[in-house]
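A.B. asks: Generate coordinates for the sequence data below:
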Amino acid sequence: MREWITSACLLLGAMGIAAPAASAEVSISVNKTTQRMTVSVDGVERYSWPVSTGTIDYSTPTGAFTPSRLAREHYSREWDNAPMPHSIFFTDAGHAIHGSRATSRLGSPASHGCIRLSPAHARILFNLVQAEGPANTRIEVTGFDPIGTVVGSGDGTRLDYSGLTSFDPLKDGIMASGSPIQRVEIRRQP
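C.D. replies: Predicted coordinates for the structure are as follows:
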């Protein structure tokens, strides 16, 4: 009997039939403050790319997510049938990681809440998640949304701190012409 089992195992191995390989754990980390995504496989960083998350009026949700659906070709019903190639949906509200032709905006907030990548990077990520499986993929979104333009005045000087993602006048202690800023006004970006 033992010889028969050994022969059967050798025959199956020779035919190229093996147990399915274990899937790798894919970790997608998105930092809204730095506008970067890092992708790790089994704890080893494989990619780091610029992204565009939501603007001040369209926040990208923070938290930990698992992909709920993959769509190689998708068009937004909400935003004028805009193309969203290689979409990885991660919220019930329709937030996704997807490719975008607006590559000049990558590295700064520009979306309606989705996470935009270059088309080539979106394809690479989509294929990786599809190969390893959505159940083996974790998406973590951290960081802060843009707050707009901070304009301060102190000693009659106007200062424009454009591009700040967070601002605490007590903690940050920004000075103008040697005097503490007396008034802070936050304006929404156009």
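A.B. asks: State the phi and psi torsions of Glu132.
C.D. replies: For Glu132, the backbone dihedrals (degrees, to the nearest 10) come out as phi -90, psi -20.
A.B. asks: what's the helix or strand for Leu125?
C.D. replies: Assigned by DSSP states H and E, Leu125 belongs to helix 119-132.
A.B. asks: And that helix, what's buried?
C.D. replies: Neighbour counts over helix 119-132 (16 or more other C-beta atoms under 10 Å) mark 119, 121-122, 124-126, 128-129, 132 as buried. Glycine gets a C-beta too; all of them are placed from N, C-alpha and C.
A.B. asks: And the contacts of that helix?
C.D. replies: Residues from elsewhere that reach helix 119-132 (C-beta atoms under 8 Å, 6 or more residues apart in numbering): 23-26, 28, 39, 41, 47, 49, 67, 70, 72, 85-88, 97-101, 103, 117, 137.
A.B. asks: Please name the strands paired to whichever helix or strand comes after it in the sheet, noting orientation.
C.D. replies: Toward the C-terminus, helix 119-132 is succeeded by strand 137-142 as the next helix or strand (DSSP H and E). Paired strands of strand 137-142, with direction, are strand 26-31 (parallel), strand 63-65 (antiparallel) (DSSP bridges).
A.B. asks: Buried ones in strand 137-142, by neighbour count?
C.D. replies: Of the residues in strand 137-142, 137-139, 141 count as buried by neighbour count, 16+ other C-beta under 10 Å.
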